[in-house]
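>>> below are the sequence and a predicted model for it; my questions follow.
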Amino acid sequence: MSADATTPAAFTGFPTGALGFYAGLEADNSKAYWTDHKEQWERHARAPMLALVDALEEEFGEAKLFRPNRDIRFSADKSPYKTHLGAFVAAEPSSGYYVEISATGLRAGGGFRAHSTAQTASLRRAVDAPASGQRLESLLDGLRRKGFEVHGEKVRTTPRGYAADHPRIETLRHKELMVIRDFGDPDWLATKSTLTRVRDTWRAIRPLNEWVAEHVENA
């Protein structure tokens, strides 16, 4: 069972009410708005997300839905709620699969998020090594051709210990490495076809997560 104590209903898509809820939350990120519209969030965003990840669980594993509340303890932005709902499936301790619904629609992706400087150093060693580095570049190029964008925190300068003219310098700048496909709000979002789109997206990312598991320490 993924992320909930009760069995979710079969996934039939994300209703337009999910996007409408988050559009309203962006305009009025307040406890009053959340309280007044919580039922809309439950029915149009959370319940479909639970159903989606439940349908994907057999192939990819159990998902975690992120909490709607923001951690504002150390943030200048005191808005209490996140303006999206995300779910994550861990493939390895530091890599996995992600899906998100917000006012702008659907995003899905995954990859490697570093939990320490040692993991970033391990990633860079694997990028630097000819065999593993070239394999990674081939994977990333293939994902870009499929409509993915490469994300992840990176340094603007050359990482210490590597040459500025390194053939994979752009990838070496990354501290972590994720790929995201932004679907927006297509006609099929409110249908069960969304399940197929997310499943195909995660399958496309699997080789990247396997690369991380093989080459990045503690991943």
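Here it is on my side, so go on. Just so we're clear, the structure is a prediction, and the values are computed from it rather than from any experiment.
>>> report the buried residues of the biggest helix by length in the chain.
Within the chain, and with DSSP state H defining each element, the longest helix by residue count is helix 193-215. Neighbour-count burial for helix 193-215, with 16 or more other CB atoms under 10 Å as criterion, is recorded at 194-195, 197-199, 201-202, 204-205, 208-209, 211-212, 215. Every C-beta, even on glycine, is put in place using the N, C-alpha and C of the backbone.
>>> surely residue 186 touches residue 105?
Yes: if you go by CB atoms under 8 Å, residue 186 and residue 105 touch, sitting 7.4 Å apart.
>>> neighbour count: the two, which is higher?
residue 105 (17 against 13; other CB atoms under 10 Å).
>>> who's the closest spatial neighbour of the more buried one, skipping the chain neighbours?
Nearest-residue entry for residue 105: residue 185, 3.7 Å, with adjacent residues in sequence omitted and distances by CB to CB, 6 or more residues apart in numbering.
>>> partner strands of the helix or strand harbouring residue 96, parallel or antiparallel?
In this structure, residue 96 sits in strand 95-102 according to DSSP states H and E. Strand 95-102 has the following strand partners under DSSP bridges: strand 84-92 (antiparallel), strand 105-112 (antiparallel).
>>> got the angle for it vs helix 193-215?
150 degrees (axes from the mean of the first three to the mean of the last three CA atoms, to 10 degrees).
>>> how far does strand 95-102 sit from the chain's center?
Between the centre of strand 95-102 and the centre of its chain there are 3 Å (CA atoms, centre = their mean, to the nearest Å).
>>> quick one: mean pLDDT for that strand?
Computed over strand 95-102, the mean pLDDT rounds to 98.
>>> any idea how far residue 20 is from the residue nearest to the spatial centre of the chain?
The residue lying closest to the centre of the chain (CA atoms, centre = their mean) is residue 98, at 3.2 Å. Residue 98 sits 23 Å away from residue 20, going by CB to CB, to the nearest Å.
>>> quick one: the strands in this protein?
All strands of the chain, identified by DSSP state E, fall at 63-65, 84-92, 95-102, 105-112, 149-151, 177-184.
>>> tell me the mean pLDDT over the longest one?
This means strand 84-92. Here the average pLDDT along strand 84-92 is 95.
>>> now the longest helix of the chain: average pLDDT?
Here the average pLDDT along helix 193-215 is 97.
>>> packing partners of that helix?
For helix 193-215, the elements it packs on are helix 47-60, strand 84-92, strand 95-102, strand 105-112, helix 117-128, helix 130-145, strand 177-184, judged by 3 or more CB pairs under 8 Å, 6 or more residues apart in numbering; DSSP states H and E.
>>> go through these and name the closest to residue 156.
helix 117-128 (15.1 Å; CB to CB).
>>> any idea of the angle the closest one forms with helix 193-215?
Using the same axes, to 10 degrees, helix 117-128 lies at 90 degrees relative to helix 193-215.
>>> flag every buried residue along helix 117-128.
Buried residues in helix 117-128 (16+ other CB under 10 Å): 119-128.
>>> what's the distance between residue 48 and residue 216?
33 Å.
>>> neighbour count: these two, which is higher?
Neighbours were counted for residue 48 and for residue 216 using other CB under 10 Å; residue 216 has more, 26 against 23.
>>> what distance do you get for the more buried one to residue 105?
31 Å.
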